[in-house]
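Undergrad: Give me a model of this one.
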Amino acid sequence: MVIVDANVLLYAVNETSPHHRAAREWIDDALAGDEPVGLAWVVLLAFLRLATLPAVFPRPLAVDVAFELVDDWLSARAATVVHPTPRHARVLGGLLAASGTAGNLVTDAHLATLALEHGARLCTFDRDFARFPGLRSFVPA
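TA: Below is the predicted model of the structure:
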């Protein structure tokens, strides 16, 4: 399984991003492929929040358009919603302690924990994930 970070989804729809092509091609191929693609609600909500926010997104999407994209991703052949397991709090606490911080990394640590719990890799453009021990991540190309 591969779990997707919000930045991949945002770049996939933001045609002005230098990462647009790589993100768009990767997500389209992944969702049509055989390997499960894990979508966490925290990621989908971040996409909805940021893609519709004029202060962040160069050409913000209308809410209905953004939600239709989310619905399309969730309906894709390879898509699966990932949920925390019973050991989530313990693993999350360990990652936060190992990184020596929390703050802005809490959501990243939550996503890293989901990947570790499910034996998944994480697809992201964010290099901050390298600080989490044991996490396998990659940048879409």
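
Undergrad: Centre of the chain to the helix or strand bottoming out on mean pLDDT in the chain, how far?
TA: Across the helices and strands of the chain, mean pLDDT, DSSP states H and E gives its lowest value to helix 88-99, namely a mean of 93. On the basis of C-alpha atoms, centre = their mean, to the nearest Å, helix 88-99 sits 19 Å off its chain's mean C-alpha point.

Undergrad: can you check stretch 124-141 too?
TA: The mean C-alpha position of stretch 124-141 is separated from the chain mean by 11 Å, C-alpha atoms, centre = their mean.

Undergrad: buried residues in it?
TA: For stretch 124-141, burial by neighbour count (16 or more other C-beta atoms under 10 Å) applies to 124-125, 129, 131-132, 135, 137, 140. Every residue, glycine included, has its C-beta placed from N, CA and C.

Undergrad: Check stretch 55-72 too.
TA: For stretch 55-72, the neighbour count (16+ other C-beta under 10 Å) marks 57, 61, 66-67, 69-70 as buried.
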